[in-house]
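Colleague: Below are the sequence and a predicted model for it; my questions follow.
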Amino acid sequence: MIYLDYQATTPLAPEVAAAMRPWFEEKFANPHSPSTWGREAAAAIEVARGRVEQAIGLAGGRFAFTSGATEAINWAIKGTFEDSLRRKLVTISTEHAAVLDTAEWLEKQDIEVVRLKVGADGLIDLDEALAHIDDKTALVAAMLVNNEIGVMQPVARLAQAAREAGALMLCDAVQGFGRLAIPDGPDLVAVSAHKIHGPKGVGGLWMRSGTEPASQIHGGGQELGMRSGTLSPSLCVGLGEAARLAAERRDADAAHVEKLSQLALATLGQGWTVNGSLTDRYRGNLNVRREGLDGARLISDLRNIAFSLGSACASGSGRPSHVLRAIGLNDRAARSSVRLGFGRYTGEDELVSACRRINEAAIEQAHLPA
Ligand SMILES: Cc1ncc(COP(=O)(O)O)c(C=O)c1O
């Protein structure tokens, strides 16, 4: 199996698995218990928290663990509106479902939602965005790297505009965290462990000091009373170790990914078009289309290569991706697109071999009866 679906999830780093194991097995204490064992687990969680904060790299804030980025985003958005008299959210039409579905829920509570359009390059028009961010706006929510097409929005500029308007800025940094520097400016940053070679089921929300959205999960008062529920030392330690490794290896991983991206494009060869900006992008995400291709069929024909149509959610629904539609592709062009995602553990040879097979299968498909 050649794994080219790094945006859906990433393989667990061996260092992370090793760091997590004792907390599943002999060190099973409840980290909120006052026993010696409990305190040891709590201390390990605090070390992990420090590592995540360091990898996020923004000063003057604090990180709280959650079950993943979806929960962190729900918390940030719903909690901000619960605390604010302002009634407007400005976001982008190509955000992840965690943001867009929460925005839809807000609309039912009579909150105005502006979904900024994007151009064929997948990027917003900054002037249009600035015109919408005003004194009615409580929150601007924008992702750092798009999960489907890899393009990078101008997060720092949006954060500045939000601040000038007295609003807060949430950055869904899931696909950029640990891979790129998070630009300074956001007040709230959501991250997830399983996109950076950590375990599934853990992530969290970084909050600038003084910006603590209202709690959405009530109970035992863990995480400074902001997010209740017994923390899993194993998952938290796993995220901490994944963040530490990502920070340590960021430049080496970025250089590797850049090389892989060039190799993939050169191997696919002619007839393929990259969806979204060629310049403002994370290189480990290559969403490509080919005239007449049936992407779903290609994926089922090439069972030994794991790749996808776009987001895992869009793939399941059978509906064309909202991101590809937003960049102006019609149904046919959207269905002829596939996403190749690679990273730290992808070998050059396996990538070349996979791209060759993808290209050959696509050419073969063009000659088959529909
Ligand atoms: C951009 C983006 N935001 C949010 C999420 C949700 O993260 P999690 O799986 O931790 O809930 C994902 C993962 O699919 C993502 O790619």
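Modeller: Perfect, I can see it now.

Colleague: Next, count neighbours for the residue of the stretch 201-350 of the chain found nearest the ligand.
Modeller: Nearest residue of the stretch 201-350 of the chain to the ligand (C-beta to the nearest ligand atom) works out as residue 203 at 4.4 Å. No exception for glycine: its C-beta is placed from N, CA and C like everyone else's. Look at residue 203: counted by other C-beta atoms under 10 Å, it has 27 neighbours.

Colleague: doesn't residue 239 make contact with it?
Modeller: Yes - contact criterion C-beta atoms under 8 Å: residue 203 and residue 239 qualify, at 7.1 Å.

Colleague: Show me the common contact partners of these two, please.
Modeller: 65, 193 (C-beta atoms under 8 Å, 6 or more residues apart in numbering).

Colleague: The residue of the stretch 201-350 of the chain closest to the ligand pairs with what?
Modeller: Beta bridges link residue 203 to residue 66, residue 192, judged by DSSP bridges.

Colleague: from what I can see residue 231 touches residue 44, true?
Modeller: No - shown here, residue 231 and residue 44 do not form a contact pair, counting by C-beta under 8 Å, at 10.3 Å.

Colleague: Now the common contact residues for these two.
Modeller: Residues touching both residue 231 and residue 44 by C-beta under 8 Å, 6+ apart: residue 31.

Colleague: Shouldn't residue 47 be within a helix?
Modeller: Yes - assessed with DSSP: H, G, I helix; E, B strand; the rest coil, residue 47 lies in a helix.

Colleague: Hmm, it is touching residue 240, no?
Modeller: Yes - the pair residue 47 / residue 240 is scored as a contact, 6.3 Å apart, by C-beta under 8 Å.

Colleague: Name the residue in those two with the higher neighbour count.
Modeller: residue 240 (30 against 13).

Colleague: so the more buried one, which of the three states?
Modeller: Applying three-state DSSP: residue 240 is helix.

Colleague: Tell me the pLDDT of it.
Modeller: Residue 240 is assigned 98 on the pLDDT scale.

Colleague: Repeat that for the one 10 residues further on.
Modeller: Model confidence at residue 250, expressed as pLDDT, equals 97.

Colleague: Assumed it was part of a strand.
Modeller: No - counting by three-state DSSP, residue 250 falls outside a strand, being helix.

Colleague: So what's the residue count around it?
Modeller: Residue 250, neighbours per other C-beta under 10 Å, totals 16.

Colleague: In terms of secondary structure, what does the helix or strand containing residue 159 contact?
Modeller: Residue 159 belongs to helix 155-164 when elements are defined using DSSP states H and E. When contacts are defined as 3 or more C-beta pairs under 8 Å, 6 or more residues apart in numbering; DSSP states H and E, helix 155-164 packs onto helix 126-132, strand 137-143, strand 168-172.

Colleague: switch to 10 Å and redo it
Modeller: strand 88-92, helix 126-132, strand 137-143, strand 168-172 (3 or more C-beta pairs under 10 Å, 6 or more residues apart in numbering; DSSP states H and E).

Colleague: any chance of the ones you listed in TSV, plus mean pLDDT and mean neighbour count?
Modeller: Listed next are these as TSV, based on pLDDT from 0 to 100; neighbours: other C-beta atoms under 10 Å:
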stretch	mean pLDDT	mean neighbour count
strand 88-92	98	25
helix 126-132	97	14
strand 137-143	98	26
strand 168-172	98	28
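
Colleague: So which of the ones you listed is nearest residue 269?
Modeller: With distances scored as C-beta to C-beta, the stretch of the helices and strands packed on helix 155-164 nearest to residue 269 is strand 137-143 (30.7 Å).

Colleague: Please see if the closest one touches the ligand.
Modeller: Yes - under the criterion of C-beta under 6 Å from any ligand atom, strand 137-143 makes contact with the ligand via residue 143.

Colleague: so how far is that strand off the chain centroid?
Modeller: Computed by C-alpha atoms, centre = their mean, to the nearest Å, the chain-centroid distance of strand 137-143 equals 16 Å.

Colleague: Neighbouring strands of that strand in the sheet, and parallel or not?
Modeller: strand 88-92 (parallel), strand 168-172 (parallel).

Colleague: Now whichever residue of the stretch 1-150 of the chain sits closest to the ligand. Nearest residue, chain neighbours left out?
Modeller: With C-beta to the nearest ligand atom as the measure, residue 68 is the residue of the stretch 1-150 of the chain nearest to the ligand, at 2.9 Å. Distances taken as C-beta to C-beta, 6 or more residues apart in numbering place residue 203 nearest to residue 68, at 4.2 Å, with adjacent residues excluded.

Colleague: With residue 218 instead?
Modeller: Setting aside the residues directly before and after it, residue 218 is nearest to residue 228 in space (C-beta to C-beta, 6+ apart), at 5.7 Å.
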